[in-house]
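**Student:** give me a 3D structure for the following:
(one chain, ligands or ions: 1)
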Amino acid sequence: MIIYVYFTNSIYGFTPFFTIPHILCPLLGHVPASAAPNAIASRAVLRVFVICLFFVEREYKREIESVWRDRIFIFSLSDLFMYVCTQVVEAKSLSDHPVTWNLTELFSSITDPQIGQAIAESKALADKFEKTYRGKITELSAQQLLLCLQEMEAFTLQFGDITLYSSLSFAANMTLPETQTLNDRVGKLEAAIGKQLAFYALELGALVKANPQMIQESTLANYKHMLERVLRRVEHQLSEVEEQLMIEKDQFGVNGWEELQSKWLNTRLFEVMVNGEKKTLSYGEVNGLLSHPDRSTRESANRSIYGLLGRDGEIFSASLRNICNDWVTVSKRRKYSSPMESSMIANDTNQGIIENLLHAVEGGVETYRRYLKLKAKLMGLPVLGNHDIVAPLPGMPELTFSFHQAQELITQAYSRFDTQYADAVKEMFAKNHIDAQPRFGKRNGAFCAGYYKGKSAFILESFNGTLGDVFIMAHELGHATHDWYASRNQTPINMAIPSIVAETASILGELLLTDHMIENAKTEGERTTVLCHILDEVGMTAFQVTARVWFEQALYDSIIKEEFLDYHTICRHWTQSRDRIFGSAVEWFPEMEAEWTMKPHYFMANYRFYNYPYVYAQMFVYALYERYLQEGKLFVPKLKKALSSGSSVSPLEIGKIVDLDVADSNFWKLGLKRFEHFIIELEKIHV
Ligand SMILES: [Zn+2]
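**Tutor:** Numbering: from 1, shown residues only. Model (predicted):
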């Protein structure tokens, strides 16, 4: 027996009253989308009732089909019954149990004997690969290289399950001895195998350097862009002995300076007034007060952190000066044209594109300052203090969400873009691939780890129900969506997506959620809160991070000009870069000159210019969203194609797939337009 039922895009959203309101609305009443689990359970019961009614009204089938042709699903009655039962059970269990992820697709448990077996198989594959290819890669023909790359992918796939499982188990429960043991065991194995197979990258580099024409061979078409990237890198490789020496010296050189910064920061104690009460807190704790609702608590936290760090300024400046000087020396030895070039190669982009980007952001500072001035007005201040930039607005509603409300909101937001585009999101919830429960021993922050073999991903987040948490979830689910498309269309080697592209679907997810929430906001206060949330985020990611790029450039310029980077010189570089963005729209405490001391990224050995990829990603996706609004549904397949490309083409080519030319000097203005749109929306309410 067959019946026809209309499902909305939401996982819980079986709402037939949309399809035949004249029959069902009066009977059903309204079950809000944001219903709590108990209400969801009762909605499932209502569904049984609806199905019965709907069954009686079968003559409406044709009418519904004509309106909702591509959204009609056919179910057998028994399937439907099972669906409703599962919904009731699931709704009940979600209300009783916290949301943690299910890793059994990888291994059944941390003590699963399959883990040992998988480790043995990985070792065997690595041994076989070494035996077959060590010392021989430079002699391979295109056909033989194809086999070599495929064998490397097979090894990566096999080993990927183990590294993923151990890192996820550890991140979820870092204090459990068994997760620590496995993580340690796999970490050591990774290092050993990395050393064993280090010849692969070196020999592959030598092969393409000697035979660059091989990259064009049709046999290697799938790996063309990967080989182009290898060729670009190989120019800067040193001999094997020199590379080994670098690693050995870095261990107690720049790595030591990096360690000093983080150890120093994390062993300080800060005296701070919290709501008028004096407390002594660790860096992590006091850092959490920087966006506290109470203004004087924020002031105290800022002054306490940067006052103390500034007093230790000589230590931080010694650390940063040595790391940066080392990098200038290394860059020369590796024949990079500038200290920035290495990061350009890693990000698969070029200097011209990035200079245009930074220039465009600088051109948009007045727009950003317009927002900062409006925010000052909303906070009842003549001008914002540095401690107000990302502060919550006083008197605005504090929006809170249950996990299910977040799930529903995000699913709806993604579905509005395109029903099928939301499939990855729905699957992530349905398969329990999200660990959202805040608990002791769980890693801070949030991440999305791709699961290539399962064509999926796993997300970790500590969900406390704030608006920020919902945005983080929408962001991470964007990464999962990117993985969903790329893993279905690319081989493992083409999953090495550079960070300027890797944030495409995640930032798009935030934008989809923003527009969905703004349109559905019930009050001006709600709309204001959402708008300020997104504007604060972009302000930090695109504008403040641009100041950090200028700061880093200024440090290297100083060294090249043989200027000594003492504490005050470094502070001057920071405040000048910062003021290029904020102008007179923000007043700074004098202690804030030491703000650079706490940013671990500046101190990461051999990892320079971590910053501009964030600016690129933000502005690229804002431009892309603007294009989507212009083109509507025609844009959707282009985006899917771009995400499906993984790293098989360059970021420039990815832009072209969605008809965006990132090399055009005017391109980046399109992203600023979207940013300004949110400010205009806020001005409509408050000006
Ligand atoms: Zn991200």
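**Student:** the residue nearest to Leu289 when sequence neighbours are not counted - how many residues pack around it?
**Tutor:** Nearest non-adjacent residue to Leu289, counting by Cβ to Cβ, 6 or more residues apart in numbering: Ala301, 3.9 Å away. C-beta here means a position set from N, CA and C on the backbone, and glycine is covered the same way. Residue crowding around Ala301 was assessed by other Cβ atoms under 10 Å; the count is 25.
**Student:** repeat for Asp127
**Tutor:** Neighbours of Asp127 (other Cβ under 10 Å): 12.
**Student:** which helix or which strand is home to Ile459?
**Tutor:** Secondary structure from DSSP states H and E places Ile459 in strand 456-460.
**Student:** give the next helix or strand downstream of that strand.
**Tutor:** Moving toward the C-terminus from strand 456-460, the next helix or strand (DSSP H and E) is helix 467-489.
**Student:** and the angle from that following helix to strand 456-460?
**Tutor:** Angle, helix 467-489 to strand 456-460, by axes from the mean of the first three to the mean of the last three Cα atoms, to 10 degrees: 160 degrees.
**Student:** now do the same end-to-end measure for stretch 393-412.
**Tutor:** Start-to-end span of stretch 393-412 (Cα to Cα, to the nearest Å) is 27 Å.
**Student:** partners of Thr400 in the sheet?
**Tutor:** Applying DSSP bridges to Thr400 gives these bridge partners: Thr466.
**Student:** isn't it up against Gly465?
**Tutor:** Yes: using Cβ atoms under 8 Å, Thr400 is in contact with Gly465, at 4.7 Å.
**Student:** look at these two and report which has more neighbours.
**Tutor:** More neighbours surround Gly465 than the other of Thr400 and Gly465, with 16 against 12 (other Cβ under 10 Å).
**Student:** how about that one, what does it touch?
**Tutor:** Taking Cβ atoms under 8 Å, 6 or more residues apart in numbering as the criterion, Gly465 is in contact with 400-403, 406.
**Student:** please redo it, this time with the cut-off set to 7 Å
**Tutor:** Taking Cβ atoms under 7 Å, 6 or more residues apart in numbering as the contact definition, Gly465 lies against 400-402.
**Student:** from those residues, which is closest to Glu552?
**Tutor:** Phe401 (37.2 Å; Cβ to Cβ).
**Student:** how many neighbours does the closest one have?
**Tutor:** With other Cβ under 10 Å as criterion, Phe401 counts 19.
**Student:** quickly note the distance from the residue lying closest to Phe159 once chain neighbours are set aside to Leu157.
**Tutor:** Nearest non-adjacent residue to Phe159, counting by Cβ to Cβ, 6+ apart: Ser122, 4.4 Å away. In this view, Ser122 and Leu157 are 10 Å apart by Cβ to Cβ, to the nearest Å.
**Student:** neighbour count: the two, which is higher?
**Tutor:** Each of Ser122 and Leu157 has its neighbours counted (other Cβ under 10 Å); Ser122 has more, 23 against 15.
**Student:** so that one touches Asp161, yeah?
**Tutor:** No: if you go by Cβ atoms under 7 Å, Ser122 and Asp161 don't touch, sitting 8.8 Å apart.
**Student:** what's the lengthiest helix in the chain packed up against?
**Tutor:** Longest helix in the chain, counting residues (DSSP state H): helix 142-172. Applying 3 or more Cβ pairs under 7 Å, 6 or more residues apart in numbering; DSSP states H and E, we find helix 142-172 packed against helix 113-133, helix 177-196, strand 447-451, strand 456-460.
**Student:** please repeat the previous calculation with a cut-off of 10 Å.
**Tutor:** For helix 142-172, the packing partners by 3 or more Cβ pairs under 10 Å, 6 or more residues apart in numbering; DSSP states H and E come out as helix 113-133, helix 177-196, helix 198-210, helix 224-234, strand 434-435, strand 447-451, strand 456-460.
**Student:** for the fourth one, buried residues please.
**Tutor:** Translated: helix 224-234. Judged by neighbour count using 16 or more other Cβ atoms under 10 Å, the buried positions of helix 224-234 are 225-231, 233-234.
**Student:** cool, and the first one?
**Tutor:** Of the residues in helix 113-133, 115, 118-119, 122, 125-126, 129, 133 count as buried by neighbour count, 16+ other Cβ under 10 Å.
**Student:** kindly report the same for the second one.
**Tutor:** Within helix 177-196, the residues scored as buried using 16+ other Cβ under 10 Å are 179, 182-183, 186, 189-190, 193.
**Student:** tell me the one of the residues you listed nearest Val662?
**Tutor:** Within the buried residues of helix 177-196, the smallest distance to Val662 is 34.6 Å, found for Glu190 (Cβ to Cβ).
**Student:** residue contacts, that closest one?
**Tutor:** Shown in contact with Glu190 (Cβ atoms under 10 Å, 6 or more residues apart in numbering): 122, 159, 162-163, 166-167.
**Student:** among those, who's most crowded?
**Tutor:** Counting neighbours by other Cβ under 10 Å, Ser166 leads the contacts of Glu190 with 25 neighbours.
**Student:** just the pLDDT at it, thanks.
**Tutor:** Ser166 is assigned 95 on the pLDDT scale.
**Student:** can you give me the strands for the chain?
**Tutor:** Along the chain, the stretches classed as strands by DSSP state E are 2-6, 72-76, 269-274, 277-282, 384-385, 434-435, 447-451, 456-460, 586-587.
**Student:** nearest to Val621 among these would be which one?
**Tutor:** Smallest distance to Val621 across these (Cβ to Cβ): 16.0 Å, for strand 447-451.
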